[in-house]
Structures are given as C-alpha cells and as structure tokens.
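**Student:** please work out how this folds:
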Amino acid sequence: MMTTEHNTAPVAEDVIDQLLDAALMHVPFDGWSAASFAAAVADAGVDSTLAEVLCPRGAVDLAVAFHKRGDVLMLERLADEDMTGLRFRDKIARAVRLRLEVVDDKEAVRRGTTLFSLPQYAGDGVRLIWGTVDEIWTALGDASEDINWYTKRGSLAGVYSSTVLYWLGDDSLDHQASWEFLNRRIDNVMQFEKLKAQVQSNPLLKPLLAGPNWLAQKIKAPTARDDLPGRWTTPRS
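**Tutor:** Numbers count the residues shown, from 1 in each chain. Predicted coordinates:
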C-alpha cells in the first residue's frame, strides 16, 4: 500500500515558501517578529495550526528559511558562472559576491542579522553562516577531509560575516566598496596562510610543532553535514 510520506516534504516546503514570501512584505517594518508571522499566515491564507506545525518558532524559522533560500539561489548562479582561468581566491570572492547579489531585500538581511545576534538565536546564526561557507567550498570542489576542512570554512566564515556587515552599510554605486572590502579580507587570509606555511616549513620550529601537528592529524571532517562541525577520530581496536 502506498503512503503519502514521500509527498509530505515538498508540500511543507511549498507552504513555508508561501509564508516566507508573505512575511517579506512585513519584515522591513516589523522585523522577524510574531507580528510579521501572524500577518504572513493571514496574507498567505495558510491554516494557523499548519503554520505553527511547520514553523514552531514562527518568524525565526522563516528567517532561517530566508537565509537558506539565498544559499540555493547562490548555488544556481554559481553553477552558471564561467570561472575558467580564475585564481582560486578569485573564485571564492566571486561566490561570496554572488551570495550577496542574490539578495533582493537588504532590510530583511539587516533584520535577520539583528535577530541572530540575540543570545537565544546566536546558535542559529552560526549554523547558517557555516552552512553558507560550506556550500561555497563544496561547490568549488573542496575535497579536504582533515583539519583543513575546518580551517577553510572558519576563515571564510570570518570573511563572509565581516563582508555582510560592511555591505549592509554600503551605499556606494553597485556596492563597489563592499567588493573591494571583500578582496582585502581575502588577501588578509591568504597572507596568513602564507605565513602559516612558512612556519610549518621552518626546520627550527618542527620539534615544537610535532605535538600540535599530531593532534591536527586526529581531526577529521564530519561525515554528516546537518550539524555544527566536530568529530574526533578514535583508534581502531
């Protein structure tokens, strides 16, 4: 006998999309708040009980959906990009720029930044940023399985977060100042990576780095991508 289990997820996603589209009309005025959520439910004509089941935290869950929608749009744009001949740092810069360019409502991002800076939702904000940078690295072909999996995403998370904050206050033509800021931040990361490589190759420092390097070798990339990073490998018996 067939069940409707496999049809539940698409239906739920469609309803959440309807609620999100309706909420975006109210977020610039009321933020990601209970008022925006109630207005979205009414405007979308969605049963209130169903809306609460799909979004138990109300507008907070819609804010999460809004961010993830941006990630999907970025990946679609990224798939159409011709990056032949670009340096890898330029590919990263292009991906971050695309992530911001797909946003058609800067005020919704501003309100979301405020929301996810609150202590009770800070964890959501961290997971969303980590999810974005993981999507970027994965789309660009990163295959690292060791500590580099974490350091790459951690570095890009810092670049992405600071660029978003700069972009929110940027009123330059076509956000040119933001893209220049982004390039400077990536240059900073590249300089740090160059310094790190020099330290690692210094024969005088190798004895001091033996312990940290051994520890780093024990850290592996997570096998599941549905949570914050972290997995400690244990020796096989």
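**Student:** isn't residue 186 right up against residue 159?
**Tutor:** Yes. Using Cβ atoms under 8 Å, residue 186 makes contact with residue 159 at a distance of 6.0 Å. Using the backbone N, CA and C atoms, a C-beta is placed for each residue, glycine as well.
**Student:** so where is the chain shaky, pLDDT-wise?
**Tutor:** For the chain, the stretches flagged by pLDDT under 70 are 1-10, 192-220, 223-237.
**Student:** swap in 80 and give it another go.
**Tutor:** Within the chain, the stretches with pLDDT under 80 are 1-10, 190-237.
**Student:** show me the protein divided up by domain.
**Tutor:** The record's domain parsing of the chain by automatic domain parsing lists 8-56, 64-217.
**Student:** centre of the chain to the first one, how far?
**Tutor:** Same thing as domain 8-56. 22 Å (Cα atoms, centre = their mean, to the nearest Å).
**Student:** neighbours of residue 127, how many?
**Tutor:** Neighbour count for residue 127, taken as other Cβ atoms under 10 Å: 16.
**Student:** my error: substitute residue 106 in the last question.
**Tutor:** Neighbours of residue 106 using other Cβ under 10 Å come to 14.
**Student:** distance check, it against residue 71.
**Tutor:** Distance, residue 106 to residue 71, by Cβ to Cβ, to the nearest Å: 17 Å.
**Student:** how about the helices in the protein?
**Tutor:** 5-23, 27-30, 34-44, 48-54, 59-80, 88-101, 106-115, 122-139, 147-168, 176-201, 206-217 (DSSP state H).
**Student:** list the residues that contact residue 163.
**Tutor:** 96, 100, 178, 181-182, 185 (Cβ atoms under 8 Å, 6 or more residues apart in numbering).
**Student:** apply 7 Å and report the result again.
**Tutor:** 96, 178, 181-182, 185 (Cβ atoms under 7 Å, 6 or more residues apart in numbering).
**Student:** closest one of those to residue 166?
**Tutor:** Nearest to residue 166 among those is residue 181, at 4.8 Å by Cβ to Cβ.
**Student:** for stretch 149-169, buried residues please.
**Tutor:** Within stretch 149-169, the residues scored as buried using 16 or more other Cβ atoms under 10 Å are 149-153, 155-157, 159-161, 163-164, 166-167.
**Student:** buried set for stretch 110-129?
**Tutor:** Under 16+ other Cβ under 10 Å, the buried positions of stretch 110-129 are 110-112, 115-116, 121, 124-125, 127-129.
**Student:** before we move on, what about stretch 13-20?
**Tutor:** The neighbour-count check on stretch 13-20 (16+ other Cβ under 10 Å) flags 15-16, 18-20 as buried.
**Student:** can you lay out those as a markdown table showing distance to residue 32?
**Tutor:** Listed next are the buried residues of stretch 13-20 as a markdown table, based on distance: Cβ to Cβ, whole Å:
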| residue | distance to residue 32 |
| --- | --- |
| 15 | 18 |
| 16 | 14 |
| 18 | 17 |
| 19 | 12 |
| 20 | 11 |
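**Student:** closest to residue 37 among the residues you listed?
**Tutor:** For the buried residues of stretch 13-20, the nearest to residue 37 is residue 19 (7.8 Å; Cβ to Cβ).
**Student:** OK, contacts around the residue lying closest to that closest one once chain neighbours are set aside?
**Tutor:** Distances taken as Cβ to Cβ, 6 or more residues apart in numbering place residue 40 nearest to residue 19, at 4.9 Å, with adjacent residues excluded. Residues near residue 40 by Cβ under 7 Å, 6+ apart: 19, 22-23, 26.
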